[in-house]
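Student: quick one: sequence and predicted model below, then my questions.
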Amino acid sequence: MINKRLNNHIRGHRIISVMILCLFGFCLMQAMQAPKKHARKRPHGDRVYLLHADELYYDMFGNNPDAQILKGKVSFLHQGSHLTCDSAYFYQASNSVKAFGHVHYRQGDTLSLTCNRAEYDGQMQMMRARKNVVLHHRRQTLRTDSLDFDRLYNMANFFDGGTLIDGTDKLVADWGEYHTETREAKFVYNVKLRSGKDVVTTDTLYYDVRKSKAHMVGPSKIVSGASVVKTEDGYYDTKTDRAQLYGRSTVIDKDKTLTGDTLYYVKDGESTGYGNVVYVDKKNKNSLTCNYLRYNEKTGNGFATRNPVAIDYSQKDTLWVHSDTMRINTDSVYRKVHAYPKVRAYRLDMQAICDSLVFNSQDSCMTMYKDPIVWNGNRQLLGEKILVFMNDSTVRFAHVIGQALSVEQMPDSVHFNQISSSEMKSYFEKGEIKQGESIGNVQTIYYMTDDKDSSLIGLNYLETDTMRMYMGPGRKMEKIWTNKFTSTMYPMTQIPPAKYKLNNFAWFEDLRPKDKNDIFVWRGKSKGSELKNIKRHEAPLQKLTD
């Protein structure tokens, strides 16, 4: 019985020993496998993880008793970002790091930041980098001495002066922010953008890195060679050298300026202006105002409409010209203006209306087409085409071609001296006519006056082929030269009613511009009073006979 109990006890003890050995072996296997499984996984979560340091210790009696003091190839990991440095204070309780020496922060494969020292807050996900900070994002590089990078909003903020380099573009400012997700930047105070040879200076600038487009706010200037753009609200494309300018912006090209409510500026190309556009050529002393203008900086050609006015102040008196549309050419020292239709012009000594006008500064000639009328003092000129040449502040020479008619109103405002011919030339001196020449089918009505009281004595009617008239002071007739002629003298009391006026007589005083403001009110000839086209005689064609 005793042996049987002893055998049962020994047998139970063996079973328990085998079970303990199996359990120990299983635990040992689990313990051996656990490190391998842990090595394959990266730390994750909100905590900042220390990956490596050559040295780690605590200084309970130093300035940072709560920090782990790390030295030598220090490396941290936080939510996919890596931070390496030479040494650091690691605060596990606050989940933050103070890094020193060759600090390098990496986020993904597009963002990298280096600096001398930094503070990283894992709770706020904020990186505060200081001294020799260089942020690389894609192909952009941001350099500064003080930068805060907010991971939550993907925004880098510098506030102690910084430089953003985007390819060939370089942007400098006192303060700024850069959004890594949208790749948009904002720069404030002493902002300067250099793109190739172009330099932009402004107070506030928004820059879209993807589009290489800058938005300038506040007093701003773009300098491109001899061209200067001034604006307070403008967009500038650094790739195409194009600018969209708002709020009374100005483009200066040497001696020429272009100002408007809205300007679309193209360097060495065609620019467009809208709203109260003012073009000024200081060298040639002329300007143009309108509400729509296209101007090519390279060719000097322009097109203006919507109430355009050309102003020439190169002479002592200013010439004002208005029409529906104008084309200008200022590609040399001379300029040319083509105005059409409904042209009205005013100068103190000369006024004019016509359908189309060309003014060329090279010969100071104003050529008018289609029912032109020119007034000088109390004298009116009509014709198919009129050329007026100017000198200083006065008219120098006028040439009327086709159906020429000169009408001079007498002081009594009732009678008119009249000359009708195929062609007419008038020579002026100091604004006063000195000589007139009429050529082809000449008809004249001229009133003789008494030298004592300037009263009218009689009317002289004359027909000839060519006539020259020489005038003295006060437009007084001094002498007349003509070839073969027929002439009749009528006393004032015996003038036939049909001889008071020539058949083509017309007086259009009501159409005359009264001042520079009257050029905007169009008044043209009434229907039926326009000049009729006269078909010219054609030379007979010579035919060869067989």
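Tutor: Cool, got the structure.
Student: list the buried residues of the longest strand seen in the chain.
Tutor: Counting by DSSP state E, the longest strand found in the chain is strand 432-449. For strand 432-449, a neighbour-count test (16 or more other CB atoms under 10 Å) marks 432-438, 442-447, 449 as buried. Every residue, glycine included, has its C-beta placed from N, CA and C.
Student: got it, and stretch 200-215?
Tutor: So for stretch 200-215, counting by 16+ other CB under 10 Å, buried means 200-205, 207, 209, 212-215.
Student: circling back to that earlier point, lowest-confidence entry in the buried residues of strand 432-449?
Tutor: Confidence by pLDDT is poorest for E432 among the buried residues of strand 432-449, given 79.
Student: which stretches of the stretch 301-450 of the chain have low pLDDT?
Tutor: Applying pLDDT under 70 to the stretch 301-450 of the chain flags residues 331-334, 392-393.
Student: can you pick out the most distant pair from the buried residues of strand 432-449?
Tutor: The largest separation in these, counting by CB to CB, is between E432 and Q443 at 24.3 Å.
Student: what's opposite A304 in the beta bridge?
Tutor: L293, M326 (DSSP bridges).
Student: from Y446, how far off is it?
Tutor: 44 Å (CB to CB, to the nearest Å).
Student: name the next helix or strand downstream of the helix or strand harbouring S87, please.
Tutor: Here S87 is covered by strand 81-91, with elements defined by DSSP states H and E. Next helix or strand after strand 81-91 toward the C-terminus (DSSP H and E): strand 96-107.
Student: the helix or strand following that following strand pairs with which strands?
Tutor: Remark: after strand 96-107, the chain's next helix or strand is strand 111-121, criterion DSSP H and E. Strand pairing for strand 111-121, determined by DSSP bridges: strand 96-107 (antiparallel), strand 126-137 (antiparallel).
Student: buried set for the first one?
Tutor: So the one you mean is strand 96-107. 96-100, 103, 105-107.
Student: kindly report the same for stretch 501-520.
Tutor: 502, 508, 511-513, 516, 519.
Student: also stretch 418-436?
Tutor: 418-428, 431-436.
Student: and for stretch 465-473?
Tutor: 466-467, 469, 471.
Student: those residues in strands, which ones?
Tutor: Using DSSP E, the buried residues of stretch 465-473 in strands are 466-467, 469, 471.
Student: just give me the least confident of these.
Tutor: M471 (85).
Student: how close does that one get to I433?
Tutor: Using CB to CB, we find M471 at a distance of 5 Å from I433.
Student: one step back: show residues contacting the strand holding S87.
Tutor: 48, 50, 53, 64, 66-77, 97-108, 118, 120, 151 (CB atoms under 8 Å, 6 or more residues apart in numbering).
Student: apply 7 Å and report the result again.
Tutor: 50, 64, 66-71, 74-76, 97-107, 120 (CB atoms under 7 Å, 6 or more residues apart in numbering).
Student: need the strands for the stretch 151-300 of the chain, in chain order.
Tutor: 155-158, 162-166, 169-173, 175-179, 184-195, 198-208, 213-224, 227-237, 242-253, 256-266, 270-281, 286-296 (DSSP state E, counting those that start in this stretch).
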